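> would you be able to build a 3D model of this:
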Amino acid sequence: MISRRRGHTTPRFPLLFLFLLLGVVQCDPQLDNLVIVSVDQLGWGDVGAYSPYRSRDTPRLDRLAREGLVLDNLYCETSSSASTGTLLSGKLAVSWGLYDSNNAEDSQLKKDSGFILPDTVKILPQILKESKSEYLTKFIGRWHLGQRPEANPINFGFDSFLGTVSDRSTKFDNQRFPNVGFYQNAKLTARLYTPGSTQDDLIVEGVSNLTRVYGEEVRVVINQAKSANAPFYMHVSLDALTFPAYRGPKFVGNSTRGTHFGDALREVDELVGKLLETLEEEELSDTTLVVFTASSTGLASHYEGGSNAPFTGETGDSTEGGVRVPGILWGGGLKGRSQQLMGLADLHATALGMLGVNTAECEEEKCVKEGIDLSATLKSGEISESRDAIPIFRGRTLMALRQGRYKVHLMSRASFVPGQFLDTLTSYKLRNNSDVPVLFDVVADPGERFFIGDKFAPDDSRYATVLPAIQDAADYITSHITLTSGLLNECDVKWREWQPPGCLDLELCLPMNRESKPHMCHVPEWSGLG
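The predicted model follows:
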(Lines give C-alpha, C1' and ligand atoms only; values in the text may rest on other atoms or scores of the structure.)
Protein backbone atom coordinates (compact mmCIF):
# COMPACT_ATOMS: atom_id res chain seq x y z
CA MET A 1 0.00 0.00 0.00
CA ILE A 2 1.45 3.44 -0.98
CA SER A 3 1.43 5.69 2.06
CA ARG A 4 1.65 9.44 2.61
CA ARG A 5 3.44 11.13 5.44
CA ARG A 6 2.59 14.60 6.64
CA GLY A 7 4.52 17.19 4.66
CA HIS A 8 5.71 14.63 2.10
CA THR A 9 3.90 13.36 -0.98
CA THR A 10 4.98 10.01 -2.38
CA PRO A 11 5.42 10.15 -6.17
CA ARG A 12 2.75 7.64 -7.08
CA PHE A 13 3.03 7.22 -10.82
CA PRO A 14 6.79 6.57 -11.14
CA LEU A 15 6.57 4.07 -8.29
CA LEU A 16 3.54 2.38 -9.85
CA PHE A 17 5.42 2.23 -13.15
CA LEU A 18 8.33 0.59 -11.36
CA PHE A 19 5.98 -1.94 -9.73
CA LEU A 20 4.56 -2.83 -13.13
CA LEU A 21 8.07 -3.34 -14.55
CA LEU A 22 8.98 -5.61 -11.66
CA GLY A 23 5.73 -7.54 -11.85
CA VAL A 24 4.64 -6.49 -8.38
CA VAL A 25 1.26 -5.25 -9.58
CA GLN A 26 -0.70 -7.98 -11.34
CA CYS A 27 -4.04 -7.53 -13.06
CA ASP A 28 -6.30 -10.34 -14.12
CA PRO A 29 -6.75 -10.38 -17.91
CA GLN A 30 -10.06 -9.27 -19.35
CA LEU A 31 -12.42 -12.22 -19.75
CA ASP A 32 -14.20 -12.30 -23.11
CA ASN A 33 -15.34 -15.89 -23.50
CA LEU A 34 -17.76 -18.07 -21.55
CA VAL A 35 -18.09 -21.86 -21.53
CA ILE A 36 -20.80 -23.46 -19.41
CA VAL A 37 -20.75 -27.22 -18.94
CA SER A 38 -23.95 -28.41 -17.29
CA VAL A 39 -24.46 -32.11 -16.56
CA ASP A 40 -27.81 -33.72 -15.82
CA GLN A 41 -28.15 -36.09 -12.82
CA LEU A 42 -24.72 -35.41 -11.34
CA GLY A 43 -24.37 -35.50 -7.55
CA TRP A 44 -21.90 -34.18 -4.99
CA GLY A 45 -20.68 -37.69 -4.33
CA ASP A 46 -19.69 -38.15 -7.98
CA VAL A 47 -16.91 -35.55 -8.18
CA GLY A 48 -13.50 -35.89 -6.53
CA ALA A 49 -13.44 -32.25 -5.42
CA TYR A 50 -16.38 -33.05 -3.14
CA SER A 51 -15.82 -36.76 -2.51
CA PRO A 52 -12.08 -37.53 -2.74
CA TYR A 53 -12.55 -41.27 -3.13
CA ARG A 54 -14.11 -40.53 -6.55
CA SER A 55 -10.96 -38.78 -7.81
CA ARG A 56 -9.87 -41.77 -9.88
CA ASP A 57 -12.92 -41.22 -12.08
CA THR A 58 -12.71 -37.41 -12.27
CA PRO A 59 -9.02 -36.36 -12.57
CA ARG A 60 -9.72 -33.54 -15.06
CA LEU A 61 -12.58 -32.16 -12.98
CA ASP A 62 -10.26 -32.32 -9.99
CA ARG A 63 -7.72 -30.27 -11.96
CA LEU A 64 -10.46 -27.75 -12.77
CA ALA A 65 -11.19 -27.54 -9.03
CA ARG A 66 -7.51 -27.18 -8.03
CA GLU A 67 -6.93 -24.37 -10.51
CA GLY A 68 -10.30 -22.68 -9.97
CA LEU A 69 -12.92 -21.94 -7.34
CA VAL A 70 -15.11 -24.66 -5.82
CA LEU A 71 -18.63 -23.65 -4.76
CA ASP A 72 -19.80 -25.55 -1.69
CA ASN A 73 -23.29 -24.04 -1.43
CA LEU A 74 -24.64 -23.96 -4.99
CA TYR A 75 -28.30 -24.90 -5.47
CA CYS A 76 -30.10 -26.00 -8.64
CA GLU A 77 -33.85 -26.19 -9.18
CA THR A 78 -35.89 -29.36 -8.65
CA SER A 79 -36.09 -30.17 -12.39
CA SER A 80 -33.56 -29.95 -15.19
CA SER A 81 -35.96 -27.80 -17.22
CA ALA A 82 -36.29 -25.26 -14.40
CA SER A 83 -32.53 -25.34 -13.77
CA THR A 84 -31.78 -24.67 -17.43
CA GLY A 85 -34.38 -21.90 -17.58
CA THR A 86 -33.02 -20.26 -14.42
CA LEU A 87 -29.36 -20.49 -15.46
CA LEU A 88 -29.98 -19.15 -18.96
CA SER A 89 -32.35 -16.34 -17.95
CA GLY A 90 -30.80 -15.28 -14.66
CA LYS A 91 -34.25 -15.34 -13.09
CA LEU A 92 -35.97 -18.03 -11.02
CA ALA A 93 -37.94 -20.11 -13.50
CA VAL A 94 -41.01 -20.01 -11.26
CA SER A 95 -40.99 -16.19 -11.43
CA TRP A 96 -41.68 -16.25 -15.18
CA GLY A 97 -44.10 -19.16 -15.21
CA LEU A 98 -42.08 -22.31 -15.93
CA TYR A 99 -44.47 -24.69 -14.20
CA ASP A 100 -47.69 -26.58 -14.76
CA SER A 101 -50.72 -24.91 -13.19
CA ASN A 102 -52.54 -28.23 -13.12
CA ASN A 103 -49.87 -29.84 -10.98
CA ALA A 104 -48.48 -27.39 -8.45
CA GLU A 105 -45.29 -29.32 -7.75
CA ASP A 106 -43.99 -29.80 -11.31
CA SER A 107 -41.72 -27.82 -13.62
CA GLN A 108 -40.33 -30.54 -15.90
CA LEU A 109 -41.40 -30.50 -19.54
CA LYS A 110 -43.60 -33.45 -20.47
CA LYS A 111 -43.30 -35.65 -23.55
CA ASP A 112 -46.23 -33.87 -25.20
CA SER A 113 -45.32 -30.35 -24.05
CA GLY A 114 -45.83 -27.47 -26.45
CA PHE A 115 -43.60 -25.12 -24.44
CA ILE A 116 -41.70 -22.32 -26.18
CA LEU A 117 -39.62 -19.71 -24.34
CA PRO A 118 -41.74 -16.56 -24.02
CA ASP A 119 -40.62 -13.30 -25.65
CA THR A 120 -40.53 -11.69 -22.22
CA VAL A 121 -37.60 -13.89 -21.17
CA LYS A 122 -34.14 -12.96 -22.44
CA ILE A 123 -31.39 -15.58 -22.15
CA LEU A 124 -27.58 -15.53 -22.08
CA PRO A 125 -26.78 -15.54 -25.82
CA GLN A 126 -29.18 -12.67 -26.41
CA ILE A 127 -27.75 -10.70 -23.48
CA LEU A 128 -24.17 -11.25 -24.64
CA LYS A 129 -24.95 -10.28 -28.23
CA GLU A 130 -26.45 -7.04 -26.96
CA SER A 131 -23.16 -6.28 -25.21
CA LYS A 132 -21.04 -7.27 -28.22
CA SER A 133 -22.73 -8.11 -31.51
CA GLU A 134 -19.74 -10.18 -32.67
CA TYR A 135 -20.26 -12.89 -30.01
CA LEU A 136 -20.28 -16.42 -31.47
CA THR A 137 -22.82 -18.56 -29.58
CA LYS A 138 -23.32 -22.32 -29.65
CA PHE A 139 -25.55 -24.77 -27.79
CA ILE A 140 -24.30 -28.36 -27.64
CA GLY A 141 -26.21 -31.30 -26.15
CA ARG A 142 -29.63 -31.70 -24.57
CA TRP A 143 -31.94 -28.68 -24.92
CA HIS A 144 -34.33 -28.84 -21.96
CA LEU A 145 -36.66 -26.04 -23.04
CA GLY A 146 -38.97 -27.32 -25.74
CA GLN A 147 -39.17 -29.91 -28.52
CA ARG A 148 -41.21 -28.05 -31.14
CA PRO A 149 -39.31 -26.53 -34.10
CA GLU A 150 -40.26 -23.07 -32.83
CA ALA A 151 -38.57 -23.87 -29.50
CA ASN A 152 -35.16 -24.65 -31.06
CA PRO A 153 -32.26 -22.78 -29.39
CA ILE A 154 -31.28 -21.07 -32.67
CA ASN A 155 -34.49 -19.03 -32.27
CA PHE A 156 -33.24 -17.59 -28.97
CA GLY A 157 -29.82 -16.13 -29.68
CA PHE A 158 -27.72 -19.22 -30.32
CA ASP A 159 -26.01 -19.08 -33.72
CA SER A 160 -25.96 -22.86 -34.00
CA PHE A 161 -27.10 -26.01 -32.24
CA LEU A 162 -25.97 -29.63 -32.14
CA GLY A 163 -27.91 -32.05 -29.99
CA THR A 164 -31.32 -33.32 -28.88
CA VAL A 165 -34.56 -31.73 -27.68
CA SER A 166 -36.50 -34.62 -26.10
CA ASP A 167 -36.26 -36.90 -23.11
CA ARG A 168 -34.73 -40.22 -24.18
CA SER A 169 -35.97 -42.24 -21.21
CA THR A 170 -39.19 -43.32 -22.97
CA LYS A 171 -39.53 -46.73 -24.61
CA PHE A 172 -39.70 -45.73 -28.27
CA ASP A 173 -41.87 -47.78 -30.62
CA ASN A 174 -42.43 -45.14 -33.36
CA GLN A 175 -46.14 -45.79 -32.91
CA ARG A 176 -47.06 -44.11 -29.64
CA PHE A 177 -43.64 -42.57 -29.00
CA PRO A 178 -41.45 -41.32 -31.86
CA ASN A 179 -37.72 -41.91 -31.66
CA VAL A 180 -35.58 -39.07 -30.30
CA GLY A 181 -34.12 -36.82 -32.97
CA PHE A 182 -30.56 -35.56 -33.28
CA TYR A 183 -30.27 -32.06 -34.76
CA GLN A 184 -27.81 -29.85 -36.56
CA ASN A 185 -29.32 -26.42 -36.04
CA ALA A 186 -33.04 -26.74 -36.90
CA LYS A 187 -32.74 -29.89 -39.05
CA LEU A 188 -32.96 -33.52 -38.03
CA THR A 189 -29.85 -35.48 -38.99
CA ALA A 190 -30.49 -38.79 -37.21
CA ARG A 191 -32.69 -40.75 -34.82
CA LEU A 192 -30.89 -41.97 -31.70
CA TYR A 193 -32.13 -45.54 -31.68
CA THR A 194 -32.48 -46.20 -35.42
CA PRO A 195 -30.09 -48.91 -36.71
CA GLY A 196 -28.54 -48.15 -40.09
CA SER A 197 -28.43 -44.39 -39.70
CA THR A 198 -25.63 -42.55 -41.47
CA GLN A 199 -24.63 -41.02 -38.12
CA ASP A 200 -22.33 -42.80 -35.66
CA ASP A 201 -23.90 -41.19 -32.60
CA LEU A 202 -26.59 -43.80 -31.91
CA ILE A 203 -27.29 -45.40 -28.57
CA VAL A 204 -27.22 -49.20 -28.42
CA GLU A 205 -27.49 -50.91 -25.04
CA GLY A 206 -25.92 -48.02 -23.19
CA VAL A 207 -23.10 -47.50 -25.67
CA SER A 208 -22.96 -44.33 -27.76
CA ASN A 209 -20.58 -41.90 -29.42
CA LEU A 210 -22.72 -38.91 -28.50
CA THR A 211 -20.38 -37.52 -25.84
CA ARG A 212 -17.43 -37.93 -28.20
CA VAL A 213 -19.33 -36.06 -30.92
CA TYR A 214 -20.11 -33.27 -28.46
CA GLY A 215 -16.46 -33.10 -27.40
CA GLU A 216 -15.32 -32.82 -31.00
CA GLU A 217 -17.79 -29.98 -31.54
CA VAL A 218 -16.39 -28.17 -28.50
CA ARG A 219 -12.97 -28.15 -30.19
CA VAL A 220 -14.48 -26.93 -33.48
CA VAL A 221 -16.23 -24.00 -31.79
CA ILE A 222 -13.07 -22.86 -29.99
CA ASN A 223 -11.02 -23.14 -33.19
CA GLN A 224 -13.62 -21.13 -35.12
CA ALA A 225 -13.71 -18.39 -32.51
CA LYS A 226 -9.93 -18.17 -32.51
CA SER A 227 -9.80 -17.95 -36.32
CA ALA A 228 -12.48 -15.26 -36.36
CA ASN A 229 -10.83 -13.40 -33.46
CA ALA A 230 -14.29 -13.18 -31.92
CA PRO A 231 -15.55 -13.67 -28.35
CA PHE A 232 -17.64 -16.79 -27.87
CA TYR A 233 -20.20 -18.32 -25.54
CA MET A 234 -20.63 -22.09 -25.65
CA HIS A 235 -23.21 -23.96 -23.58
CA VAL A 236 -22.56 -27.71 -23.27
CA SER A 237 -25.53 -29.59 -21.78
CA LEU A 238 -24.66 -33.25 -21.21
CA ASP A 239 -27.21 -36.00 -20.59
CA ALA A 240 -24.82 -38.97 -20.65
CA LEU A 241 -25.43 -39.59 -16.93
CA THR A 242 -29.22 -39.33 -17.21
CA PHE A 243 -30.77 -42.70 -16.48
CA PRO A 244 -30.18 -44.90 -18.43
CA ALA A 245 -26.61 -43.64 -18.82
CA TYR A 246 -24.60 -44.07 -22.00
CA ARG A 247 -20.86 -44.06 -22.68
CA GLY A 248 -18.47 -44.46 -25.61
CA PRO A 249 -17.05 -47.88 -26.58
CA LYS A 250 -13.60 -47.21 -25.13
CA PHE A 251 -15.10 -46.33 -21.74
CA VAL A 252 -17.10 -49.53 -21.26
CA GLY A 253 -15.96 -51.09 -17.97
CA ASN A 254 -13.38 -48.32 -17.53
CA SER A 255 -14.51 -46.83 -14.21
CA THR A 256 -13.90 -47.72 -10.58
CA ARG A 257 -17.65 -48.28 -10.12
CA GLY A 258 -17.92 -50.66 -13.04
CA THR A 259 -21.38 -49.31 -13.93
CA HIS A 260 -22.74 -47.56 -17.01
CA PHE A 261 -22.98 -44.39 -14.92
CA GLY A 262 -19.39 -44.61 -13.73
CA ASP A 263 -18.12 -45.21 -17.26
CA ALA A 264 -20.17 -42.27 -18.57
CA LEU A 265 -18.75 -40.04 -15.84
CA ARG A 266 -15.22 -40.92 -16.97
CA GLU A 267 -16.10 -39.79 -20.48
CA VAL A 268 -17.65 -36.53 -19.24
CA ASP A 269 -14.44 -35.95 -17.30
CA GLU A 270 -12.38 -36.50 -20.45
CA LEU A 271 -14.51 -33.96 -22.35
CA VAL A 272 -13.72 -31.34 -19.70
CA GLY A 273 -10.02 -32.19 -19.96
CA LYS A 274 -10.01 -31.79 -23.74
CA LEU A 275 -11.88 -28.49 -23.38
CA LEU A 276 -9.07 -27.13 -21.18
CA GLU A 277 -6.42 -28.51 -23.55
CA THR A 278 -8.03 -26.81 -26.54
CA LEU A 279 -8.26 -23.48 -24.73
CA GLU A 280 -4.57 -23.75 -23.91
CA GLU A 281 -3.61 -24.72 -27.47
CA GLU A 282 -5.48 -21.72 -28.85
CA GLU A 283 -4.05 -19.45 -26.14
CA LEU A 284 -7.54 -18.59 -24.88
CA SER A 285 -7.20 -19.84 -21.29
CA ASP A 286 -6.52 -16.38 -19.89
CA THR A 287 -9.58 -14.83 -21.52
CA THR A 288 -12.12 -17.60 -20.89
CA LEU A 289 -14.36 -18.32 -17.91
CA VAL A 290 -15.34 -21.98 -17.58
CA VAL A 291 -18.39 -22.79 -15.45
CA PHE A 292 -19.00 -26.41 -14.50
CA THR A 293 -22.20 -27.41 -12.73
CA ALA A 294 -25.21 -29.73 -12.81
CA SER A 295 -28.82 -29.16 -13.86
CA SER A 296 -30.02 -31.85 -11.44
CA THR A 297 -28.62 -34.14 -8.77
CA GLY A 298 -27.97 -37.86 -8.87
CA LEU A 299 -30.65 -40.54 -9.16
CA ALA A 300 -29.51 -42.03 -5.87
CA SER A 301 -32.36 -44.54 -5.60
CA HIS A 302 -30.96 -46.60 -8.50
CA TYR A 303 -27.81 -48.70 -8.72
CA GLU A 304 -27.06 -47.09 -12.10
CA GLY A 305 -27.57 -43.57 -10.74
CA GLY A 306 -25.28 -41.00 -9.18
CA SER A 307 -24.38 -40.32 -5.56
CA ASN A 308 -25.50 -37.29 -3.56
CA ALA A 309 -23.44 -38.17 -0.48
CA PRO A 310 -23.38 -36.85 2.19
CA PHE A 311 -26.87 -35.53 1.50
CA THR A 312 -30.25 -37.22 1.75
CA GLY A 313 -32.60 -37.63 -1.20
CA GLU A 314 -32.23 -37.62 -4.97
CA THR A 315 -32.96 -35.58 -8.07
CA GLY A 316 -36.30 -33.79 -7.82
CA ASP A 317 -36.43 -33.75 -4.02
CA SER A 318 -36.33 -30.61 -1.90
CA THR A 319 -33.84 -32.20 0.50
CA GLU A 320 -30.17 -31.28 0.05
CA GLY A 321 -29.63 -34.39 -2.07
CA GLY A 322 -32.18 -33.05 -4.53
CA VAL A 323 -30.90 -29.52 -4.95
CA ARG A 324 -27.27 -29.01 -3.85
CA VAL A 325 -25.00 -29.50 -6.84
CA PRO A 326 -21.30 -29.34 -7.72
CA GLY A 327 -20.08 -26.00 -9.02
CA ILE A 328 -16.60 -24.99 -10.21
CA LEU A 329 -15.51 -21.66 -11.71
CA TRP A 330 -12.23 -21.66 -13.65
CA GLY A 331 -10.59 -18.46 -14.89
CA GLY A 332 -10.48 -14.80 -14.01
CA GLY A 333 -8.19 -15.31 -11.03
CA LEU A 334 -10.79 -17.23 -9.00
CA LYS A 335 -9.17 -19.70 -6.59
CA GLY A 336 -9.97 -21.84 -3.56
CA ARG A 337 -13.36 -22.75 -2.08
CA SER A 338 -16.34 -20.59 -1.29
CA GLN A 339 -19.12 -21.10 1.25
CA GLN A 340 -21.23 -18.39 -0.39
CA LEU A 341 -24.90 -19.30 -0.80
CA MET A 342 -25.71 -19.26 -4.53
CA GLY A 343 -28.48 -20.30 -6.88
CA LEU A 344 -28.21 -20.81 -10.63
CA ALA A 345 -29.60 -17.31 -11.23
CA ASP A 346 -26.66 -15.96 -9.20
CA LEU A 347 -24.30 -18.08 -11.28
CA HIS A 348 -25.74 -16.40 -14.40
CA ALA A 349 -25.27 -12.89 -13.00
CA THR A 350 -21.80 -13.69 -11.66
CA ALA A 351 -20.63 -15.06 -15.03
CA LEU A 352 -21.84 -11.87 -16.73
CA GLY A 353 -20.12 -9.80 -14.07
CA MET A 354 -16.85 -11.64 -14.68
CA LEU A 355 -17.20 -10.78 -18.38
CA GLY A 356 -17.80 -7.13 -17.58
CA VAL A 357 -21.45 -7.22 -18.69
CA ASN A 358 -23.88 -5.27 -16.55
CA THR A 359 -26.84 -7.23 -15.23
CA ALA A 360 -30.37 -5.89 -14.96
CA GLU A 361 -31.48 -4.17 -11.79
CA CYS A 362 -33.48 -6.24 -9.34
CA GLU A 363 -37.17 -5.48 -9.01
CA GLU A 364 -36.97 -5.37 -5.22
CA GLU A 365 -34.29 -5.01 -2.57
CA LYS A 366 -33.63 -8.69 -1.84
CA CYS A 367 -33.41 -9.84 -5.48
CA VAL A 368 -35.81 -12.73 -4.89
CA LYS A 369 -36.39 -13.32 -8.61
CA GLU A 370 -33.12 -12.23 -10.16
CA GLY A 371 -29.58 -13.41 -9.72
CA ILE A 372 -26.96 -11.31 -7.93
CA ASP A 373 -23.48 -10.68 -9.33
CA LEU A 374 -21.24 -12.16 -6.64
CA SER A 375 -17.99 -11.95 -8.61
CA ALA A 376 -16.38 -9.42 -6.25
CA THR A 377 -17.35 -11.53 -3.24
CA LEU A 378 -15.92 -14.71 -4.77
CA LYS A 379 -12.66 -12.97 -5.66
CA SER A 380 -12.28 -11.56 -2.14
CA GLY A 381 -13.06 -14.86 -0.42
CA GLU A 382 -15.68 -13.21 1.75
CA ILE A 383 -19.36 -14.05 2.24
CA SER A 384 -21.95 -11.60 0.94
CA GLU A 385 -25.11 -11.06 2.96
CA SER A 386 -26.87 -9.81 -0.17
CA ARG A 387 -27.68 -13.45 -0.96
CA ASP A 388 -28.62 -14.86 2.41
CA ALA A 389 -31.50 -17.14 1.41
CA ILE A 390 -32.15 -19.76 -1.26
CA PRO A 391 -35.80 -20.66 -1.98
CA ILE A 392 -36.48 -24.21 -3.12
CA PHE A 393 -39.54 -24.59 -5.33
CA ARG A 394 -41.18 -27.61 -6.87
CA GLY A 395 -43.17 -26.11 -9.69
CA ARG A 396 -45.01 -23.16 -8.14
CA THR A 397 -44.85 -24.43 -4.55
CA LEU A 398 -42.25 -23.15 -2.10
CA MET A 399 -41.12 -26.39 -0.50
CA ALA A 400 -38.14 -25.28 1.56
CA LEU A 401 -35.83 -22.39 2.30
CA ARG A 402 -32.11 -22.30 3.16
CA GLN A 403 -31.00 -19.27 5.17
CA GLY A 404 -27.50 -19.16 6.58
CA ARG A 405 -26.76 -22.50 8.19
CA TYR A 406 -30.43 -23.39 8.65
CA LYS A 407 -33.02 -24.90 6.34
CA VAL A 408 -36.75 -25.19 6.88
CA HIS A 409 -39.12 -27.56 5.08
CA LEU A 410 -42.55 -25.95 4.74
CA MET A 411 -43.77 -28.74 2.46
CA SER A 412 -42.05 -32.07 2.07
CA ARG A 413 -41.73 -35.06 -0.18
CA ALA A 414 -38.53 -37.08 -0.46
CA SER A 415 -37.78 -40.22 -2.44
CA PHE A 416 -37.26 -43.65 -0.91
CA VAL A 417 -33.50 -43.88 -1.37
CA PRO A 418 -32.18 -47.22 -0.05
CA GLY A 419 -30.79 -46.78 3.46
CA GLN A 420 -32.44 -43.41 3.93
CA PHE A 421 -35.68 -42.73 5.71
CA LEU A 422 -36.65 -39.45 7.33
CA ASP A 423 -39.74 -39.11 9.45
CA THR A 424 -42.04 -36.39 8.00
CA LEU A 425 -39.86 -36.05 4.86
CA THR A 426 -39.67 -39.44 3.12
CA SER A 427 -43.00 -39.94 1.38
CA TYR A 428 -44.50 -40.42 -2.06
CA LYS A 429 -47.15 -37.87 -1.14
CA LEU A 430 -46.60 -34.22 -0.42
CA ARG A 431 -46.95 -33.21 3.20
CA ASN A 432 -47.87 -29.79 4.44
CA ASN A 433 -45.56 -28.93 7.35
CA SER A 434 -46.69 -25.33 7.71
CA ASP A 435 -48.17 -25.94 11.18
CA VAL A 436 -44.92 -27.45 12.45
CA PRO A 437 -42.14 -26.62 9.94
CA VAL A 438 -39.22 -29.04 9.92
CA LEU A 439 -35.93 -27.29 10.74
CA PHE A 440 -32.34 -28.49 10.19
CA ASP A 441 -28.85 -27.13 10.69
CA VAL A 442 -27.42 -28.20 7.31
CA VAL A 443 -23.88 -27.12 8.21
CA ALA A 444 -23.64 -29.43 11.22
CA ASP A 445 -26.10 -31.93 9.74
CA PRO A 446 -25.85 -31.87 5.90
CA GLY A 447 -27.75 -35.14 5.68
CA GLU A 448 -30.84 -33.54 7.32
CA ARG A 449 -31.21 -36.40 9.77
CA PHE A 450 -31.58 -34.57 13.09
CA PHE A 451 -34.58 -32.30 13.50
CA ILE A 452 -34.21 -29.15 15.54
CA GLY A 453 -36.67 -28.22 18.22
CA ASP A 454 -40.39 -28.52 18.88
CA LYS A 455 -41.68 -32.08 19.20
CA PHE A 456 -38.46 -33.53 17.79
CA ALA A 457 -36.14 -32.06 20.43
CA PRO A 458 -38.03 -29.88 22.92
CA ASP A 459 -34.87 -28.86 24.79
CA ASP A 460 -33.36 -27.17 21.70
CA SER A 461 -34.20 -23.46 21.94
CA ARG A 462 -33.03 -22.73 18.39
CA TYR A 463 -36.42 -23.72 17.00
CA ALA A 464 -38.09 -20.74 18.66
CA THR A 465 -35.24 -18.31 17.93
CA VAL A 466 -34.33 -19.26 14.35
CA LEU A 467 -37.66 -20.20 12.82
CA PRO A 468 -39.39 -16.77 12.89
CA ALA A 469 -36.69 -15.10 10.77
CA ILE A 470 -36.77 -17.92 8.21
CA GLN A 471 -40.56 -17.79 8.13
CA ASP A 472 -40.38 -14.03 7.50
CA ALA A 473 -37.99 -14.66 4.60
CA ALA A 474 -40.35 -17.27 3.16
CA ASP A 475 -43.29 -14.89 3.43
CA TYR A 476 -41.27 -12.18 1.68
CA ILE A 477 -40.40 -14.54 -1.18
CA THR A 478 -43.95 -15.73 -1.77
CA SER A 479 -45.28 -12.17 -1.62
CA HIS A 480 -42.86 -11.03 -4.34
CA ILE A 481 -43.34 -13.90 -6.79
CA THR A 482 -46.59 -13.53 -8.69
CA LEU A 483 -48.01 -16.85 -9.83
CA THR A 484 -49.61 -16.89 -13.27
CA SER A 485 -51.47 -19.58 -15.20
CA GLY A 486 -48.17 -21.35 -15.94
CA LEU A 487 -46.40 -22.04 -19.25
CA LEU A 488 -46.37 -25.86 -19.07
CA ASN A 489 -50.11 -26.41 -19.26
CA GLU A 490 -50.61 -27.33 -22.91
CA CYS A 491 -49.86 -30.83 -24.11
CA ASP A 492 -50.62 -32.58 -27.39
CA VAL A 493 -49.15 -35.67 -29.04
CA LYS A 494 -48.70 -33.67 -32.25
CA TRP A 495 -45.76 -31.83 -30.64
CA ARG A 496 -43.66 -34.97 -30.37
CA GLU A 497 -40.89 -35.50 -32.92
CA TRP A 498 -42.96 -37.14 -35.66
CA GLN A 499 -41.91 -35.06 -38.65
CA PRO A 500 -39.33 -32.43 -37.68
CA PRO A 501 -37.57 -30.29 -40.31
CA GLY A 502 -35.09 -32.35 -42.33
CA CYS A 503 -36.75 -35.74 -41.79
CA LEU A 504 -37.87 -36.04 -45.45
CA ASP A 505 -34.32 -35.75 -46.76
CA LEU A 506 -33.22 -38.72 -44.63
CA GLU A 507 -36.46 -40.71 -44.84
CA LEU A 508 -36.81 -40.44 -41.09
CA CYS A 509 -40.30 -38.92 -40.92
CA LEU A 510 -42.82 -40.89 -38.87
CA PRO A 511 -46.60 -41.06 -39.32
CA MET A 512 -48.52 -39.67 -36.36
CA ASN A 513 -50.74 -42.61 -35.48
CA ARG A 514 -52.52 -40.88 -32.64
CA GLU A 515 -55.24 -38.27 -32.61
CA SER A 516 -54.19 -34.70 -31.95
CA LYS A 517 -56.00 -33.69 -28.80
CA PRO A 518 -54.91 -30.59 -26.83
CA HIS A 519 -55.17 -31.16 -23.10
CA MET A 520 -53.83 -30.05 -19.75
CA CYS A 521 -50.49 -31.72 -19.19
CA HIS A 522 -51.36 -33.27 -15.82
CA VAL A 523 -54.29 -34.47 -13.79
CA PRO A 524 -54.28 -32.47 -10.54
CA GLU A 525 -52.49 -34.31 -7.73
CA TRP A 526 -52.29 -31.66 -5.08
CA SER A 527 -52.77 -27.92 -5.13
CA GLY A 528 -50.56 -26.98 -2.21
CA LEU A 529 -51.87 -23.44 -2.40
CA GLY A 530 -54.62 -23.54 0.16
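> residues in contact with T86?
E77, L92, A93, G343, L344, A345, H348 (Cβ atoms under 8 Å, 6 or more residues apart in numbering). (Each C-beta comes from the backbone N, C-alpha and C, glycine too.)
> so it belongs to a strand, correct?
No - the assignment for T86 (DSSP: H, G, I helix; E, B strand; the rest coil) gives helix, which keeps it out of a strand.
> and it, how far is that from W495?
As for T86, its distance to W495 is 23 Å (criterion: Cβ to Cβ, to the nearest Å).
> cool, and E205?
Between E205 and W495 the computed distance is 29 Å (Cβ to Cβ).
> re earlier: any chance of the contacts of T86 in a markdown table, plus distance to L61, neighbour count and pLDDT?
Supplementary listing: the contacts of T86 in a markdown table, determined by distance: Cβ to Cβ, whole Å; neighbours: other Cβ atoms under 10 Å; pLDDT from 0 to 100:
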| residue | distance to L61 | neighbour count | pLDDT |
| --- | --- | --- | --- |
| E77 | 22 | 31 | 97 |
| L92 | 27 | 23 | 96 |
| A93 | 26 | 28 | 96 |
| G343 | 22 | 26 | 98 |
| L344 | 19 | 28 | 98 |
| A345 | 24 | 28 | 97 |
| H348 | 21 | 26 | 98 |
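> any idea of the mean pLDDT in stretch 137-149?
Throughout stretch 137-149, pLDDT has a mean value of 96.
> how about stretch 486-499?
For stretch 486-499, the per-residue pLDDT values average out at 93.
> do stretch 156-167 as well
Computed over stretch 156-167, the average pLDDT equals 96.
> start to end distance for that stretch?
From its first residue to its last, stretch 156-167 covers 20 Å (Cα to Cα, to the nearest Å).
> cool, stretch 227-241 as well?
Taking Cα to Cα, the span from the opening residue of stretch 227-241 to its closing residue is 33 Å.
> quick one: distance of it to the chain centre.
In terms of Cα atoms, centre = their mean, to the nearest Å, the gap separating the centre of stretch 227-241 from the centre of its chain is 15 Å.
> repeat for stretch 390-398
The chain centre lies 16 Å from the centre of stretch 390-398; the measure is Cα atoms, centre = their mean.
> can you list contacts of stretch 207-227?
Contacts of stretch 207-227 with the rest of the structure, by Cβ under 8 Å, 6+ apart, involve 33, 136, 138, 140-141, 162-163, 192, 200-203, 231-232, 234, 236, 238, 240, 246-249, 252, 264, 267-268, 270-271, 274-275, 278-279, 282-284.
> make it 7 Å
In this structure, residues lying in contact with stretch 207-227 by Cβ atoms under 7 Å, 6 or more residues apart in numbering are 136, 138, 140-141, 162, 200-202, 232, 234, 236, 238, 240, 246-249, 252, 267-268, 271, 274-275, 278-279, 282, 284.
> could you pull out the buried residues of that stretch?
Of the residues in stretch 207-227, those scored as buried under the neighbour-count criterion (16 or more other Cβ atoms under 10 Å) are 208-215, 217-219, 221-222, 225-226.
> now, the residues you listed that are in strands?
S208 (DSSP state E).
> so between E205 and W495, which is more surrounded?
Using other Cβ atoms under 10 Å as the criterion, E205 and W495 rank with W495 on top: 23 against 9.
> please verify my assumption that the more buried one contacts L109.
No - in this structure W495 lies outside contact range of L109 using Cβ atoms under 7 Å: 10.3 Å.
> mind listing the helices for the stretch 301-450 of the chain?
The residue ranges that make up the helices of the stretch 301-450 of the chain, judged by DSSP state H, counting those that start in this stretch, are 320-323, 344-354, 375-380.
> how far does the first one sit from the chain's center?
Shown here is helix 320-323, whose average C-alpha point lies 13 Å from the average C-alpha point of the whole chain (Cα atoms, centre = their mean).
> only the buried residues of that helix, if you could.
Within helix 320-323, the residues that qualify as buried are E320, G321, G322, V323, counting by 16+ other Cβ under 10 Å.
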